[in-house]
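In: Here's a sequence, model it:
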Amino acid sequence: MSSLQRIIRSLRSGHRYVLPIATVPINNTQRIIRNYCQSNTKDDTNIVATIPIEREEEQYEENVKHSILERALEYVPKSGWSVESISAGAEATGYPGVAHGLFPNGGGDLVHYFNVKCNEQLVVQMKSWPKEDLKEKKVPAQFIENAIMTRLLMIEPYKSTWPKAMAIQALPNNVSNCLATLLSLVDDICYHSGDRSVDFNWYIRRVGLAGIYKSAELFYLTDKSQDSAATRNFISSRIRDAQLIQNAINLNPVSAAPQTLSAAFVTAKNILGINTLK
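Out: Take a look at the predicted model:
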């Protein structure tokens with residue numbers, strides 16, 4: 001038994017659930033696992049399969065992690081994106097503070113949870129936005145601008161601590177999660193803005209949007225204007241710049257491709273913070 005499993009079982013205080021036994025198909029051949037437990041009955045209708053207890057423990061573990069991280073966010077303004085916030089969240093949820101051992105990346109796991117949560121909330125909002133403008137062939141700049149701005153404003157409660165969160169995301173063991181949530185964000189925005197491209201433009205738009213979002217994120221942290229109006233203007237300007245670049249590529253895609261790939265590579269390194277890591 002792993003140390004993680006021991007933590008989970010200790011959190012459960014010895015309480016276990018006995019799940020009902022059911023018949024399930026296996027190996028895509030509709031064969032079934034039979035119950036060969038000793039029994040006085042010879043009824044073949046008692047063909048059953050045991051649901052692995054590991055499945056139950058994995059789900060329980062995920063539920064525990066979710067509840068701890070959700071409560072931990074309440075302590076971020078005071079303790080930052082740290083193990084201390086996670087420990088406080090665990091205790092507030094009714095688990096011992098040592099439950100922070102469930103999160104090997106410490107504050108990195110807390111930042112990742114927050115990013116995933118915000119991305120999901122943005123998708124829910126975008127689904128309810130008007131779609132009339134998306135029927136036109138032009139780039140839905142207003143939709144994209146609103147999406148980026150809406151996502152940035154989700155950082156507002158943690159704005160003073162977000163520079164530290166960005167630094168945590170740039171650590172080698174957190175880069176993969178950082179990139180995954182960013183790509184998920186830009187892909188969701190492109191999809192819900194009506195982008196159904198399957199050509200080279202698919203990559204161009206997403207890398208370009210990722211660059212716009214990360215630059216806007218940095219700008220937003222220093223923005224003291226009312227209702228973050230300066231940030232919105234910054235985003236609008238960057239979208240116009242991206243449209244000009246897109247138009248140039250459309251006019252001469254062959255000659256523009258090498259420069260575009262080079263720019264995309266540099267943008268990706270900047271997003272991940274690789275250019276600043278020595």
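In: Low-confidence bits of this protein, can you list those?
Out: Low-confidence segments of the chain, defined by pLDDT under 70, are located at 1-52, 132-139, 199-200, 246-278.
In: Let me see the domain layout of it.
Out: Taking automatic domain parsing as the reference, the chain has its domains at 3-102, 107-276.
In: how about the helices of the stretch 1-150 of the chain, start to end?
Out: Taking DSSP state H, counting those that start in this stretch, the helices of the stretch 1-150 of the chain run over residues 3-11, 53-72, 76-79, 83-93, 107-128, 141-153.
In: Ok, the stretch 151-278 of the chain next?
Out: 162-169, 175-192, 201-221, 229-251, 253-272.
In: Using CSV, please lay out those helices together with mean neighbour count and distance to Y75.
Out: Just so you know, the C-beta spots here come from the backbone N, C-alpha and C atoms, and that holds for glycine as well. Listed next are these as CSV, based on neighbours: other Cβ atoms under 10 Å; distance: least, Cβ to Cβ, whole Å:
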stretch, mean neighbour count, distance to Y75
helix 162-169, 18, 14
helix 175-192, 18, 21
helix 201-221, 19, 21
helix 229-251, 15, 27
helix 253-272, 14, 28
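In: To Y113, which of the ones you listed lies closest?
Out: Proximity to Y113 (Cβ to Cβ) singles out helix 175-192 among these, at 9.6 Å.
In: Give me the contacts around that closest one.
Out: For helix 175-192, contacts defined as Cβ atoms under 8 Å, 6 or more residues apart in numbering pick out 105, 108, 112, 115-116, 119, 122-123, 126-127, 129, 143-144, 147-148, 151, 169-170, 205-206, 209-210, 213-214, 271-273.
In: Surely I148 is in contact with I235?
Out: Yes - using Cβ atoms under 8 Å, I148 is in contact with I235, at 5.3 Å.
In: Now do the shared contacts for the two.
Out: Counting by Cβ under 8 Å, 6+ apart, the residues touching both I148 and I235 are 212, 216.
In: Give me the distance between I144 and I212.
Out: 8 Å (Cβ to Cβ, to the nearest Å).
In: Common neighbours of these two, please.
Out: In contact with both I144 and I212: I239, using Cβ under 8 Å, 6+ apart.
In: For W81, give me the backbone phi and psi.
Out: phi -90, psi 80 (degrees, to the nearest 10).
In: give me the number of residues near it?
Out: For W81, the neighbour count with other Cβ atoms under 10 Å is 26.
In: Quick check: it vs P130, distance?
Out: The value you get for W81 to P130, if Cβ to Cβ is used, is 36 Å.
In: Format the helices of the stretch 1-150 of the chain as CSV; extra columns: mean neighbour count and distance to L185.
Out: Shown next, in CSV, are the helices of the stretch 1-150 of the chain (neighbours: other Cβ under 10 Å; distance: least, Cβ to Cβ, whole Å):
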stretch, mean neighbour count, distance to L185
helix 3-11, 14, 29
helix 53-72, 16, 19
helix 76-79, 17, 20
helix 83-93, 21, 23
helix 107-128, 18, 5
helix 141-153, 19, 7
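In: Okay then, goodbye and thanks.
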